[in-house]
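K.L.:
Quick check, what structure comes out for this input:
(one chain, ligands or ions: 1)
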Amino acid sequence: RTVMGESLHAVTTMPTARQPGCPFDPPAELVDARRHGPISGYAFPGGQPGWLITGYDLVRSVLADSRFSSRKELMLHPTIDYGDIEIPPAPPGEFLLMDEPQHSRYRKPLMGKFTVRRMRLLTERVAQITADHLDAMEKAGPPADLVTAFAKPIPAIMICELLGVPYQDRKSFQEQVDSFMNGETSDEDLIAAYTATQDYLAELVATKRANPTDDVLSDLTDSDLTDEELKGIALILLAAGLDTTANMLALGTFALLRNPEQLAALRADPALADRAVEELLRYLSVAKTFMRTALEDVEVGGQTIKAGSPVILSYHTANRDPERFTAPHVLDLHRQDGGHLAFGHGIHQCLGQQLARVEMRVAFPALVSRFPTLRLAVPPEGVSLRPETADIYGVKSLPVTWDA
Ligand code: HEM
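P.N.:
The predicted model follows:
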């Protein structure tokens, strides 16, 4: 197999770690794969031949192509061989892992709830929640873990309010959700936490149907969606919206602290926030890889991807593609070349992106202006990072300090 006259580069295993000292850059093997060309061969752990796409244009074109499927039951795992186990289709409502027309059945009624306008209306609420958490951090005094004090609670409260999780249930609900998403929980505890969350959401849907309140879930009870489907939708909103934004806030702060001139630029000019958020999204790409499966033979970058072949799309290397972005490995909050793929592209493009943007545009400038002397409380190599195998990349904790 060849790419543009050269022999096709092949990647045999997905990297499990990043280069020491480069916590924000994609693993060296993936950057190297992109250097060889935008598409590489990839041998899946069960021996099935597949593809790894690392170039911006090709990732974007696959995402826009309905000949590539997101169906859960067709997907192989890039690092785990499930052998002969049949993967079931996504449960009702979990539309991230569905194709049309099922996907639209769920996404359509939600679209109007996540528009730019609606999300902008939430700016004040996000500012209030952010200020409350910064007050608490300041009051408790240094040091603090930025993950628990700031990065996790802001998106968690916003999602709870959108879904209409009553105030008294929030703490236990957040703990449950956290333990099935932090990638650290034992299998047994993970299943227990996942089941408890499912049970809670089932109850919540029933409550909203009986007594609708002013939230997205209650609004959706006024449609033909079943309780089971509503539970699936709530679960996908949680799974997609909590961990991603929380990791962007924490890893983004780490990246700013490691690039003091960029942090200073944001502190000096809060109007830079919109652009800064887009650049942090591109640079960090915490939702780093997604899978697709070819439904028929498709030509991509001079290669024929056979029907049934699995394809790994590396959003992170796409967002660091030197043919698309000038000095791609530099964090430059003033960058002019936009159009990153950190929220994906095509029919599955992130539904919650406007909410995530509002949260980050408020939270980053508020944090850096509240604590002008904010710094790491440990050496940078002492910050514990999530393993590359986690779906969403980030830090496990971020010890910070400041002059009180
Ligand atoms: C889909 C990233 C925040 C809800 C996606 C996809 C990406 C992504 C890359 C596309 C997946 C694919 O191509 O298969 C992010 C990042 C976030 C973020 C980086 C934070 C910075 C949120 C929030 C919510 C949310 C706050 C909800 C409140 C969703 C949903 C989908 C999705 C429901 C599935 C859309 C579909 O399949 O049609 N997200 N997301 N996300 N995201 Fe986000």
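K.L.:
Restricting to C-alpha, output stretch 18-25 in CSV.
P.N.:
In CSV, the C-alpha atoms belonging to stretch 18-25 read as follows (Å, rounded to 0.1, in the frame of the first residue of the first chain):
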residue,chain,number,x,y,z
ARG,A,18,3.0,11.1,25.9
GLN,A,19,6.6,12.2,25.7
PRO,A,20,8.1,13.1,29.1
GLY,A,21,8.0,16.9,29.5
CYS,A,22,5.4,17.3,26.7
PRO,A,23,2.0,16.8,28.4
PHE,A,24,0.1,18.9,25.9
ASP,A,25,1.5,17.4,22.6
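K.L.:
could you give the mean pLDDT of it?
P.N.:
Averaging pLDDT along stretch 18-25 gives 94.
K.L.:
again, but for stretch 321-334
P.N.:
Across stretch 321-334, the per-residue pLDDT values average to 98.
K.L.:
From start to finish, how long is that stretch in a straight line?
P.N.:
Stretch 321-334 has an end-to-end distance of 18 Å (CA to CA, to the nearest Å).
K.L.:
Check what contacts it and list those residues.
P.N.:
24-25, 34, 38, 54-57, 255, 259, 262, 265-266, 272, 275-276, 279-280, 282-283, 318-320, 335, 337, 339 (CB atoms under 8 Å, 6 or more residues apart in numbering). Every residue, glycine included, has its C-beta placed from N, CA and C.
K.L.:
got it, and stretch 11-22?
P.N.:
Under CB under 8 Å, 6+ apart, the answer for stretch 11-22 is 25-30, 33, 40-43, 45, 52, 78-79, 312, 381, 385, 387-389.
K.L.:
Return a ChimeraX selection command for the buried portion of these.
P.N.:
Buried subset of those, written as a ChimeraX selection, criterion 16 or more other CB atoms under 10 Å:
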select :25,26,27,29,30,33,40,41,42,45,52,78,312,385,388
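K.L.:
Can you pick out the ones from the contacts of stretch 11-22 that are in helices?
P.N.:
Ala28, Glu29, Leu30, Ala33 (DSSP state H).
K.L.:
How about the third one, nearest residue that isn't a chain neighbour?
P.N.:
Right, the one you point to is Leu30. Thr317 (4.9 Å; CB to CB, 6 or more residues apart in numbering).
K.L.:
And the helix or strand containing the one you found, what does it pack against?
P.N.:
Per DSSP states H and E, Thr317 falls inside helix 315-318. The contact analysis (3 or more CB pairs under 8 Å, 6 or more residues apart in numbering; DSSP states H and E) places helix 315-318 against helix 28-36, helix 56-63, strand 289-294.
K.L.:
May I see the ones you listed organised as CSV, with distance to Asp169 added?
P.N.:
Output for these, formatted as CSV (distance: least, CB to CB, whole Å):
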stretch, distance to Asp169
helix 28-36, 41
helix 56-63, 37
strand 289-294, 31
